[in-house]
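Participant: sequence and computational prediction follow.
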There are 2 protein chains.
Amino acid sequence: MTTDNSVGSVTTETFTFAEDEPFCLESGATLGPVTLAYETYGKLNADHSNAILICHALSGSAHAAGLLDGDPEKIGWWDDCIGPGKAFDTERYFVICSNVIGSCYGSTGPLAIDPATGKPYGLHFPVVTISDMVRAQVRLIDHLGIDKLLCVAGGSMGGMQVLEWAAHHPTRVRAVIPIATTAHHSPMLIAFSEVGRQAIYADPAWNHGDYYDKPAKPDAGLAVARMVGHITYLSEESMHLKFGRRLQAMEKYGYEFQTEFEVESYLKYNGLKFTQRFDANAYLYVTKAMDYFDLTQPTGSLAASFAGASHVKFLVVSFTSDWLYPSYHSKRLVSALTAAGADVTYLDVKSSWGHDAFLLEVETMTNLIDSFLGRLVREEQIAVPLVSPARALMRVGAGQTPRAKLAESLA
Amino acid sequence: MTTDNSVGSVTTETFTFAEDEPFCLESGATLGPVTLAYETYGKLNADHSNAILICHALSGSAHAAGLLDGDPEKIGWWDDCIGPGKAFDTERYFVICSNVIGSCYGSTGPLAIDPATGKPYGLHFPVVTISDMVRAQVRLIDHLGIDKLLCVAGGSMGGMQVLEWAAHHPTRVRAVIPIATTAHHSPMLIAFSEVGRQAIYADPAWNHGDYYDKPAKPDAGLAVARMVGHITYLSEESMHLKFGRRLQAMEKYGYEFQTEFEVESYLKYNGLKFTQRFDANAYLYVTKAMDYFDLTQPTGSLAASFAGASHVKFLVVSFTSDWLYPSYHSKRLVSALTAAGADVTYLDVKSSWGHDAFLLEVETMTNLIDSFLGRLVREEQIAVPLVSPARALMRVGAGQTPRAKLAESLA
């Protein structure tokens, strides 16, 4: 990853909102102080027109590309797509990624100190929404001196933020790329969220969210929540390819309850690993924000919500085997966007990787995003460096195995 | 349910295997004493040729039809399909349903007393398989004086038992009806099983299966396991129809973690209700049996496993929206059965009810099963009463709402 298609060593920066500008939440509550953790890659051009905001999914962070503090173990979650010559080409664009509020990677969330008590908020943290997350990002963009983003892109919950930008901040974006996402969370998505939350509630160590100064954390519950999530990120076909019915380090059934099948081992490993990097309360808040997301409201018409976005260019991407955010969600979105008069490119990418495809179908994503951004740059006359012929030849994707295919899901 | 299409009041009977005939399990362990709980409906004919065995799913019991001990609250789990004039017409057939070993409804399982200790087995109960469950049923059928079953039928895990009968006891059956099932548990099915088990393991009250004499049971973990299961029994479409994004007893978002969406309320209610009727250890054993099920073994060829079943008539049924046991599992099975030379009727029933369709699509199931059994009776010259013209007119299904559509899943 230190080859010349990496952005190299990066550091996460923070931005704390000015104290005299209170941050009002959709719920009516006020939150403060508010800090956002963010990273940037590439260079902002002279007229600040080449900035692309990347929005992360449920468990993501601001660390989207490169090696955090130079640590080769800490590769950004979308490093396959962000870097020199990659889909989001950092030689051409200024790429920003910020951690959402409510999360646990440096932005204000339940883990942060509540100024009223001097202790972590826990469940005293107010419920935040996708709208709140995006309005916090707007402040960051203001802070970075960017009037209009060239593009906002992201998959899964990242895609919800992307759609929120287009629907409610259309004057601040030229184009958006919502991937493997939905404009309103379905009852099945709510159901999976709720089961994850119930698994956390069921853990006595959760203690109604008050565990930060206790010896035990609700790791068991959080691990179960993550295991449920992991199943939904895969497809039956990808599970068959990855695991089949293969046994783990044994020749035949042991007739006991130890882990036997490879797929069981995979789930347990990822459940456990997740508890080392994520906070149970943050899991509650972020999933709740997703459940509340519904751009058909307040009018009941999705097209009406995008009425102000007729000048925004959309690249909508779904994946055929994604049963968590099935293609028909994207197709409905495309209908609504078309009705709203927007310029929409849509692809339902054939893939066996399920929801995780947005992280794994690197070659397809690279080609799609590169072409879309190339057209955008031409049509909107954005001043960015040309792709050098040498770089064009070594475009990432061709024949490469994406790193994430072998690692855990970052959805 | 006391109208003339119910079998009326029923009682669950038990059969305990003779002590001098040890019951050997697939694992090599020996289990004893072994008791099976069972119910029967209708009358066995003179030559004992009209017996139909019904096999239940994961959480089912021997109580498949009628009112248990006359209690109108205790209706059998497949009462919509078993009774006078119903799919399994008790005026024509002698219908048997037995609780599987490893379960908790009167058959020997982890809740039973271990003769070695005088206490409930708990995790000392041996791991049982679908093969073991069916070989126990064979003993029951012997006990009832039935040489050859007219038919074995069941959905989901019941369908696995059905296929096990056809593959490994083909001389004991004339026909089988496997519904919404698979001949080998896929990695996704194993993954969902394992997450349910992990939810139980994560509950401190589970205490490694040793909780029967403790004040607390692992209800929280079992409820989470059941909630995961419930999602998989529905479809996105059925969830949309049943719940949509409707809120429970509120007009707008509360911005808190109380139950808000109807689908959340449904899951919590069913999770809790399940803990009042099922045993956590039994959940572990029964799901494990399903995970082990793989009729492609030992040769790798599903057709080879059915080599002895070429004389058996099959009615295979799947449902278009069942993503837990997708139709292609049934289609593969049909290919293998056809290759084995069996008489196979297959229907992929268009339904929006997901896996639960096997309990809910009563009219379609009634028509299918009735026609199939009718042909069987004619072709095999089985002596059963004719359907009276009056009864034929009042065939169940037409225009009726199946009771289960409004109740909890019994999968």
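Facilitator: Looks like it arrived, so ask away.

Participant: residue of the stretch 301-411 of chain A with the smallest distance to chain B?
Facilitator: In the stretch 301-411 of chain A, the residue found nearest to chain B is residue A:323; the distance is 6.4 Å by Cβ to the nearest Cβ. Any C-beta I mention is one placed from the backbone N, CA and C, and that applies to glycine too.

Participant: could you list the buried residues of the biggest helix by length in chain A?
Facilitator: Scanning chain A for the longest helix, with DSSP state H as the assignment, gives helix A:362-379. By 16 or more other Cβ atoms under 10 Å in any protein chain shown, the buried positions in helix A:362-379 come out as A:362-366, A:368-370, A:372-373, A:376-377.

Participant: who touches that helix?
Facilitator: A:52, A:80-81, A:86-89, A:92-93, A:150-151, A:153, A:174-175, A:177, A:179, A:313, A:315, A:317, A:345, A:347, A:349, A:351, A:358, A:382, A:384, A:395-398, A:400, A:402 (Cβ atoms under 8 Å, 6 or more residues apart in numbering or on different chains).

Participant: any chance you could map the helices in chain A?
Facilitator: A:130-143, A:157-168, A:187-201, A:219-233, A:236-242, A:262-275, A:280-292, A:302-305, A:327-339, A:357-360, A:362-379, A:389-393.

Participant: tabulate the CA atom coordinates of the third one in PDB.
Facilitator: This points to helix A:187-201. C-alpha atoms of helix A:187-201 as PDB (Å, rounded to 0.1, in the frame of the first residue of the first chain):
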ATOM      1  CA  PRO A 187     -39.400  -2.400   7.400                       C
ATOM      2  CA  MET A 188     -37.000  -5.200   6.800                       C
ATOM      3  CA  LEU A 189     -34.000  -2.900   7.300                       C
ATOM      4  CA  ILE A 190     -35.600  -1.500  10.500                       C
ATOM      5  CA  ALA A 191     -36.200  -5.100  11.600                       C
ATOM      6  CA  PHE A 192     -32.500  -6.000  11.200                       C
ATOM      7  CA  SER A 193     -31.500  -2.800  13.000                       C
ATOM      8  CA  GLU A 194     -33.800  -3.500  15.800                       C
ATOM      9  CA  VAL A 195     -32.600  -7.000  16.300                       C
ATOM     10  CA  GLY A 196     -29.000  -5.700  16.500                       C
ATOM     11  CA  ARG A 197     -30.200  -3.100  19.100                       C
ATOM     12  CA  GLN A 198     -32.100  -5.800  21.100                       C
ATOM     13  CA  ALA A 199     -29.000  -7.900  21.200                       C
ATOM     14  CA  ILE A 200     -27.200  -5.000  22.800                       C
ATOM     15  CA  TYR A 201     -30.000  -4.300  25.200                       C
END
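
Participant: returning to what we had before: dump the helices of chain A into TSV; add distance to residue B:76 and mean pLDDT as well.
Facilitator: Formatted as TSV, those follow (distance: least, Cβ to Cβ, whole Å; pLDDT from 0 to 100):
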stretch	distance to residue B:76	mean pLDDT
helix A:130-143	46	98
helix A:157-168	44	98
helix A:187-201	28	98
helix A:219-233	32	98
helix A:236-242	32	93
helix A:262-275	34	97
helix A:280-292	37	98
helix A:302-305	45	97
helix A:327-339	37	97
helix A:357-360	44	95
helix A:362-379	52	96
helix A:389-393	69	65
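
Participant: with distance to residue B:263 as extra columns, can I get these in a markdown table?
Facilitator: Formatted as a markdown table, the helices of chain A follow (distance: least, Cβ to Cβ, whole Å):
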| stretch | distance to residue B:263 |
| --- | --- |
| helix A:130-143 | 19 |
| helix A:157-168 | 19 |
| helix A:187-201 | 4 |
| helix A:219-233 | 15 |
| helix A:236-242 | 23 |
| helix A:262-275 | 24 |
| helix A:280-292 | 10 |
| helix A:302-305 | 21 |
| helix A:327-339 | 17 |
| helix A:357-360 | 25 |
| helix A:362-379 | 32 |
| helix A:389-393 | 49 |
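
Participant: in contact with the residue lying closest to residue A:148 once chain neighbours are set aside, which residues?
Facilitator: Take residue A:148 and drop its neighbours on the chain: the residue closest to it by Cβ to Cβ, 6 or more residues apart in numbering or on different chains is residue A:172, 5.8 Å away. Counting by Cβ under 8 Å, 6+ apart, residue A:172 touches A:138, A:141, A:147-149, A:165.

Participant: burial of residue A:247, as a residue count?
Facilitator: 16 (other Cβ atoms under 10 Å in any protein chain shown).

Participant: wait, residue A:50
Facilitator: The tally of other residues near residue A:50 (other Cβ under 10 Å) stands at 24.

Participant: tell me the contacts of it?
Facilitator: Shown in contact with residue A:50 (Cβ under 8 Å, 6+ apart): A:42, A:44, A:92-94, A:150, A:382-384.

Participant: the residues you listed in strands, which ones?
Facilitator: Cross-referencing the contacts of residue A:50 against strands under DSSP state E gives A:94, A:150.

Participant: before we move on, back to that, would you mind giving the buried residues of helix A:362-379 as JSON lines with distance to residue B:291 added?
Facilitator: Formatted as JSON lines, those follow (distance: Cβ to Cβ, whole Å):
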{"residue": "A:362", "distance to residue B:291": "33"}
{"residue": "A:363", "distance to residue B:291": "35"}
{"residue": "A:364", "distance to residue B:291": "34"}
{"residue": "A:365", "distance to residue B:291": "35"}
{"residue": "A:366", "distance to residue B:291": "39"}
{"residue": "A:368", "distance to residue B:291": "39"}
{"residue": "A:369", "distance to residue B:291": "40"}
{"residue": "A:370", "distance to residue B:291": "44"}
{"residue": "A:372", "distance to residue B:291": "44"}
{"residue": "A:373", "distance to residue B:291": "46"}
{"residue": "A:376", "distance to residue B:291": "49"}
{"residue": "A:377", "distance to residue B:291": "52"}
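
Participant: which one of these sits closest to residue B:197?
Facilitator: The shortest gap between residue B:197 and any of these belongs to residue A:362, at 34.5 Å (Cβ to Cβ).

Participant: which residue does the stretch 251-400 of chain A have closest to chain B?
Facilitator: For the stretch 251-400 of chain A, Cβ to the nearest Cβ, closest residue to chain B: residue A:255, 3.7 Å.

Participant: you'd agree that residue is up against residue B:132?
Facilitator: No - Residue A:255 is beyond contact range of residue B:132, at 10.4 Å (criterion: Cβ atoms under 8 Å).

Participant: now list whatever residues contact both of the two.
Facilitator: In contact with both residue A:255 and residue B:132: residue B:26, using Cβ under 8 Å, 6+ apart.

Participant: neighbour count winner among those two?
Facilitator: Higher neighbour count among residue A:255 and residue B:132: residue B:132, with 25 against 18, using other Cβ under 10 Å.

Participant: which residues touch that one?
Facilitator: So residue B:132 contacts B:25-26, B:101-102, B:289 (Cβ under 8 Å, 6+ apart).

Participant: from chain A, how far out is it?
Facilitator: Between residue B:132 and chain A the computed distance is 10 Å (Cβ to the nearest Cβ, to the nearest Å).
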